[in-house]
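Participant: Got a predicted structure plus its sequence, pasted below:
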Amino acid sequence: MLGRINHIAIAVPDIAAAAAIYRETLDAKVSEPQSLPEHGVTVVFVELPNSKVELVEPLGDASPLLKFLAKHPTGGMHHICYEVEDILAARNRLIAGGARVLGDGEPMIGAHGKPVLFLHPKDFFGTLIELEQV
Ligand SMILES: CC[C@@H](C(=O)O)C(=O)SCCNC(=O)CCNC(=O)[C@H](O)C(C)(C)COP(=O)(O)OP(=O)(O)OC[C@H]1O[C@@H](n2cnc3c(N)ncnc32)[C@H](O)[C@@H]1OP(=O)(O)O
Ligand SMILES: [Co+2]
């Protein structure tokens, strides 16, 4: 089922400050901010030779990141995104296996314009998993 790691996401309270640290202190190539109101976040991507880091900041007062940042005010590892070839087949197999698919179970379009789904952290050792169809 699982392909490459598409990205590792870090929730941050201030995406401009986080992007500046990655650019200046880590000499990294960082994309421009992308606001995704339907996800309640603003993101930038740190380009790496073998994957990406997604720096993600809350957008709006219903953002799913607000409670996370209330618990981790300076930020923290938020989710890991695995690539899958067929997100609906993956979803159906996961549900059949008893895993909780978050939201209404239908894929949303993510930051890369591809369908994404999220799996409950409690079913995967305290790790929020995102699946992205590539
Ligand atoms: C840019 C678009 C897209 C992309 O293309 O890359 C994105 O990445 S969007 C990223 C933001 N979107 C999401 O995170 C959507 C999925 N998340 C959710 O549905 C919720 O955040 C959640 C995971 C269901 C948590 O909901 P919440 O309301 O925060 O409930 P709790 O605070 O009660 O959490 C329940 C339980 O889970 C623990 N938790 C919460 N978030 C995480 C996390 N990121 N990693 C690990 N564990 C997490 C939380 O601590 C609670 O545990 P207990 O306290 O032990 O009960
Ligand atoms: Co993500």
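Facilitator: Received it, and whenever you're ready, just let me know what you need. Ligands and ions are numbered 1, 2, ... in the order given.

Participant: how about the nearest residue to the residue in the chain that ligand 1 sits nearest to, chain neighbours excluded?
Facilitator: Among the residues of the chain, Gly110 lies nearest to ligand 1; the distance is 2.5 Å by CB to the nearest ligand atom. Bear in mind the C-beta positions are built from the backbone N, C-alpha and C, glycine included. Of all residues not flanking Gly110 in the chain, Val116 sits nearest, at 3.6 Å (CB to CB, 6 or more residues apart in numbering).

Participant: Could you check how many residues crowd around that neighbour?
Facilitator: The number of residues packed around Val116, counting by other CB atoms under 10 Å, is 19.

Participant: name the helices or strands packed onto the helix or strand hosting it?
Facilitator: When secondary structure is defined by DSSP states H and E, Val116 falls within strand 115-119. In this structure, strand 115-119 makes packing contacts with helix 87-96, strand 108-109, strand 128-133, judged by 3 or more CB pairs under 8 Å, 6 or more residues apart in numbering; DSSP states H and E.
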